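Coordinates for the following, if possible.
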Amino acid sequence: MLQDYAAVIETEQVVVAETNGAIAGVLVLSTTADGFLIENVAVLPELKGRGIGRALLMHAEDEARARGHASLYLYTNEKMAENIAMYVRNGYVEYAREEGHGFRRVFLRKQLEEPG
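Numbers count the residues shown, from 1 in each chain. Next up is the predicted model:
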């Protein structure tokens, strides 16, 4: 939320989801020392439940495979129980909890299967 998104767009891979020509969600991907990171995935609250977040996650998985990664990971605020449950339903497994940037983070990773 506090990131300089002009800089993010210049340095990371940013995907925008649209609905009827308007921005519906965003996905920010990067490669780190720990692997392929979903740095941010967000959907407008009024559009939740329409499959936009799931489509963004699937895009991230496809991109990770295309870049030769066997897994991808993300982290979220420990208080975001609904988001954590959604990631688990989509095959992500919790592997760590750490303090960072003033809040407890939950780290989750998904092992990718080969397509087809």
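
Summarise which helices and strands the helix or strand that contains Val14 is packed against.
Applying DSSP states H and E as the criterion places Val14 in strand 13-19. Strand 13-19 is packed against strand 22-32, helix 52-66, with contacts defined by 3 or more C-beta pairs under 8 Å, 6 or more residues apart in numbering; DSSP states H and E. Just so you know, the C-beta spots here come from the backbone N, C-alpha and C atoms, and that holds for glycine as well.

Report the next helix or strand after the last one in sequence order.
Put plainly, it is helix 52-66. Using DSSP H and E, the helix or strand that follows helix 52-66 in sequence is strand 71-77.

So in that sheet, which strands flank that following strand, and in what orientation?
Here strand 71-77 has these sheet partners by DSSP bridges: strand 35-43 (parallel), strand 103-111 (antiparallel).

Read off the pLDDT value for Val8.
We note a pLDDT of 57 for Val8 in this prediction.

quick one on the thing from earlier: tell me which of the helices and strands packed on strand 13-19 sits nearest to Leu44.
Closest to Leu44 of the helices and strands packed on strand 13-19, according to C-beta to C-beta: strand 22-32, at 5.8 Å.

and the angle from the closest one to helix 52-66?
30 degrees (axes from the mean of the first three to the mean of the last three C-alpha atoms, to 10 degrees).

Tell me the buried residues in strand 22-32?
For strand 22-32, burial by neighbour count (16 or more other C-beta atoms under 10 Å) applies to 24-29.

Which residues does that strand contact?
Residues from elsewhere that reach strand 22-32, judged by C-beta atoms under 8 Å, 6 or more residues apart in numbering: 8, 11-18, 36-44, 47, 50, 52-53, 56, 59-60, 63, 67.

cool, and stretch 45-52?
17, 19, 24-25, 43.

Quick check: the farthest pair among those?
Maximum pairwise distance among the contacts of stretch 45-52 (C-beta to C-beta): 9.9 Å, between Thr19 and Val43.
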